[in-house]
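Coordinates only, no sequence provided:
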């Protein structure tokens, strides 16, 4: 689609996702993997704090403050991954070219397969724990379901960040 036919939002998002100023943060596969690992770690930490709040007897305020502190680096890591993938998952479908659209489909398919396996593992763990204890751990069912849903939502971003290719090296013109 030509940029003349795109909405102002689509043009600004396309420009933002193709901005190369932050390229040093995700230029190599190792940096992208590190960013995805940091993002996963922050997601688990925020999820753990939310679970603690959900299961805590009192009304602790410190997990809210800790989540607020962790949210800023989580958002920065999200932006770095989106920049590394050039907005593969953030841009609207009609803005992507055929190659990007096919890549988006592959990434989402891989991610949802992995999430299905995660959901099966979580359900199995709950059933086994319930069988051993004689009663399903109902207190953990809601946080576990929320965790699986969050991972289902974020997994395509992680897969895209891990599968992103290095930018082709620019060839320098030989000086005559």
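Great, that's in hand. This one's a predicted model, so the numbers in the text were calculated from it and none came from an experiment.

chain center to the helix ranked longest in the chain: distance?
When the chain is parsed with DSSP state H, its longest helix is helix 98-133. Between the centre of helix 98-133 and the centre of its chain there are 14 Å (CA atoms, centre = their mean, to the nearest Å).

mind checking pLDDT for residue 163?
Residue 163 carries a pLDDT value of 90.

so what's it up against?
By CB atoms under 8 Å, 6 or more residues apart in numbering, the contact list for residue 163 reads 107, 110. No exception for glycine: its C-beta is placed from N, CA and C like everyone else's.

Within the helices and strands, which one has residue 36?
helix 29-55 (DSSP states H and E).

related to what we said a few turns ago, the longest helix of the chain packs against which elements?
helix 138-163 (3 or more CB pairs under 8 Å, 6 or more residues apart in numbering; DSSP states H and E).

Would you mark the buried spots in the helix it packs on?
If you call a residue buried by 16 or more other CB atoms under 10 Å, then helix 138-163 has these buried ones: 140, 143-144, 147-148, 151-152, 154-163.

Stretch 12-23 too?
13-14, 17.

Residue 97: which of those residues is nearest?
Nearest to residue 97 out of the buried residues of stretch 12-23 is residue 14 (CB to CB; 11.1 Å).

and the nearest residue to that closest one once chain neighbours are set aside, how many residues sit next to it?
Take residue 14 and drop its neighbours on the chain: the residue closest to it by CB to CB, 6 or more residues apart in numbering is residue 95, 5.8 Å away. When neighbours are counted by other CB atoms under 10 Å, residue 95 registers 20.

thinking residue 95 is in contact with residue 12, fair?
No: counting by CB atoms under 8 Å, residue 95 does not reach residue 12; the two are 11.0 Å apart.

and residue 10, how far is that from residue 96?
11 Å (CB to CB, to the nearest Å).

Kindly report the same for residue 160.
Applying CB to CB, the value for residue 160 to residue 96 is 13 Å.

What of residue 120?
Separation of residue 120 from residue 96 (CB to CB): 31 Å.

Show me how far the helix holding residue 36 is from its chain's centre.
Put simply, helix 29-55 sits 10 Å off its chain's centre (CA atoms, centre = their mean).

how about that helix: buried residues?
Residues of helix 29-55 classed as buried by neighbour count (16+ other CB under 10 Å): 32, 35-36, 38-40, 42-43, 46-47, 49-51, 53.

Next secondary structure after that helix?
The first helix or strand that comes after helix 29-55 along the chain, using DSSP H and E, is helix 62-84.
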